[in-house]
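Q: Generate a structure from the sequence data that follows.
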Amino acid sequence: MIDELDLVVLKRDLPGARLAIGDVGTVVLVHQQGAGYEVEFTTLSGDTVAVVTLDASDVRPVEAREIVHARAVS
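A: Sure, this is the predicted structure:
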């Protein structure tokens, strides 16, 4: 299960929030025992890009052998 403060990976593009598949965010709130999440996405310097409410199917936990990839936010 995904808990508050866990890192998660976005599984779909959210162009209205300037987010793309693979972006990594931090869970700030768990809704209904994991049915959904409030997730904050930030730049590498710590500026918030978006805080979005997502269904559980929109994110997945990070995996131990993954590496973060940087991209510019439009």
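
Q: Look at the closest residue to residue 20 other than its chain neighbours and report its pLDDT.
A: Excluding the flanking residues, the one nearest residue 20 by Cβ to Cβ, 6 or more residues apart in numbering is residue 13, at 5.3 Å. Backbone N, C-alpha and C define where each C-beta goes, glycine included. Predicted confidence (pLDDT) at residue 13: the value is 98.

Q: Can you give me every residue that contacts residue 13?
A: Shown in contact with residue 13 (Cβ atoms under 8 Å, 6 or more residues apart in numbering): 19-21.

Q: can you list the residues you listed in TSV and add neighbour count?
A: Shown next, in TSV, are the contacts of residue 13 (neighbours: other Cβ atoms under 10 Å):
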residue	neighbour count
19	20
20	15
21	10
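
Q: Let me have the residues you listed in TSV, extended by pLDDT, secondary structure and distance to residue 33.
A: Shown next, in TSV, are the contacts of residue 13 (pLDDT from 0 to 100; DSSP: H, G, I helix; E, B strand; the rest coil; distance: Cβ to Cβ, whole Å):
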residue	pLDDT	secondary structure	distance to residue 33
19	98	strand	25
20	97	coil	28
21	98	coil	26
